[in-house]
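**Q** Mind folding the following:
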Amino acid sequence: MPPVPSLLLTEVVALAREAGAAILEVYAGEFDVTRKGDDSPLTVADLRSHRIIADGLAHLAPEVPVLSEEAAAPPLAVRAGWEWLWLVDPLDGTREFVDRSGEFTVNIALIHGHAPVLGVLHQPLSGVDYYAAVGSGAFRQGRDGVPVPIAARARIAGEPRVVGSRSHRGSRLDPFLRALGAHEFRPLGSAAKFGLVADGSADLYPRVGPTSEWDTAAGQAIAEIAGARVVDRDGTPLAYNARESLLNPDFVCFADDARPWHRYL
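**A** So this is what the prediction gives:
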């Protein structure tokens with residue numbers, strides 16, 4: 001029987017929180033930082049979160065494979081046969097974790113036919129969750145445990161409110177920002193930027209530069225179910241498990257389609 005995203009959502013949120021608690025145990029003390037092959041940082045928090053999530057998802061939906069940042073990815077020849085899969089970033093924003101900025105998330109997404117149909121973003125330090133599933137809607141939930149339905153802001157009033165990467169801004173984002181004209185810019189680490197567009201706190205999240213599919217899948221699910229779009233330079237929605245490479249193209253997340261935002265990338 002195929003997974004039903006709306007029926008899995010509550011348990012996946014609980015699993016993300018469990019992983020977040022393990023991350024905070026490491027965050028509270030001293031920890032070593034090693035480097036992966038792409039020079040990105042790795043800590044024991046990444047690995048503990050990965051194990052909790054991988055084990056939990058195997059229990060929830062044993063027939064669905066898990067693709068995680070902290071595990072080897074099979075070649076496309078194998079993955080091409082996966083109608084469903086989980087995409088997981090056990091600790092998105094490891095640089096922010098190491099710098100102790102607090103701007104990191106746990107990302108879990110369910111993919112069906114190359115599109116995200118469930119997404120959970122858990123922010124361990126603040127206790128704020130964004131989550132959504134096809135058939136359930138999109139929600140924000142704080143420490144009070146009360147889920148609040150969210151919707152992206154369909155029309156921009158005044159200067160666009162832009163969120164962008166804190167660690168990976170670089171000079172390539174500047175032409176996009178110049179094309180906007182007057183705007184407000186807020187730097188922020190991790191996939192939480194998708195949540196701010198999804199709940200109407202921000203209008204645009206442009207990303208120029210490398211991201212991997214596990215960085216964006218959960219946020220895209222939440223943003224799209226909340227009424228936003230996540231598209232590449234051609235205006236095409238990001239697709240998952242469709243290429244040998246797991247790197248995404250440049251993209252922009254937005255809800256107001258009054259301007260061709262993707263053409264500014």
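
**Q** in the stretch 51-200 of the chain, which ranges drop under the pLDDT threshold?
**A** 167-170 (pLDDT under 70).

**Q** For it, which segments are assigned as helices?
**A** Taking DSSP state H, counting those that start in this stretch as the criterion, the stretch 51-200 of the chain contains helices spanning 76-79, 94-99, 174-180, 192-198.

**Q** Pick the most deeply packed of those.
**A** Ranked by mean neighbour count, these are led by helix 192-198 with a mean of 29 (mean count of other Cβ atoms under 10 Å). (Each C-beta comes from the backbone N, C-alpha and C, glycine too.)

**Q** Who are the packing partners of that one?
**A** In this structure, helix 192-198 makes packing contacts with strand 115-123, strand 128-133, strand 137-141, strand 161-165, strand 204-207, helix 213-225, strand 251-254, judged by 3 or more Cβ pairs under 8 Å, 6 or more residues apart in numbering; DSSP states H and E.

**Q** rerun at 7 Å
**A** Applying 3 or more Cβ pairs under 7 Å, 6 or more residues apart in numbering; DSSP states H and E, one finds that helix 192-198 contacts strand 115-123, strand 204-207, helix 213-225, strand 251-254.

**Q** Of those, which is nearest Asn241?
**A** Ranking those by proximity to Asn241 (Cβ to Cβ) places helix 213-225 first, at 7.3 Å.

**Q** Show me what the closest one is packed against.
**A** strand 84-92, strand 105-112, strand 115-123, strand 128-133, strand 137-141, helix 192-198, strand 229-231.

**Q** Please report the distance of the residue nearest to Pro260 when sequence neighbours are not counted from Ile111.
**A** Spatially, and ignoring its direct neighbours in sequence, Pro260 is nearest to Gly235 (7.7 Å; Cβ to Cβ, 6 or more residues apart in numbering). Plainly put, Gly235 is 21 Å away from Ile111 if you go by Cβ to Cβ, to the nearest Å.

**Q** thinking again about what came up before, closest one to Arg172 among the helices and strands packed on helix 213-225?
**A** Nearest to Arg172, of all the helices and strands packed on helix 213-225, is helix 192-198, at 16.5 Å by Cβ to Cβ.

**Q** Just the residues contacting the closest one, thanks.
**A** Residues outside helix 192-198 that contact it (Cβ atoms under 7 Å, 6 or more residues apart in numbering): 103, 105, 121, 123, 130, 138, 140, 150, 152, 163, 202-203, 205, 219-220, 222-223, 226, 228, 253-255.

**Q** Export that helix to CSV, keeping only CA atoms.
**A** The C-alpha coordinates for helix 192-198 follow below in CSV (Å, rounded to 0.1, in the frame of the first residue of the first chain):
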residue,chain,number,x,y,z
ALA,A,192,13.9,28.0,7.7
LYS,A,193,13.8,30.6,5.0
PHE,A,194,11.2,28.6,3.2
GLY,A,195,9.0,28.7,6.3
LEU,A,196,9.1,32.5,6.3
VAL,A,197,7.8,32.7,2.8
ALA,A,198,5.2,30.0,3.6
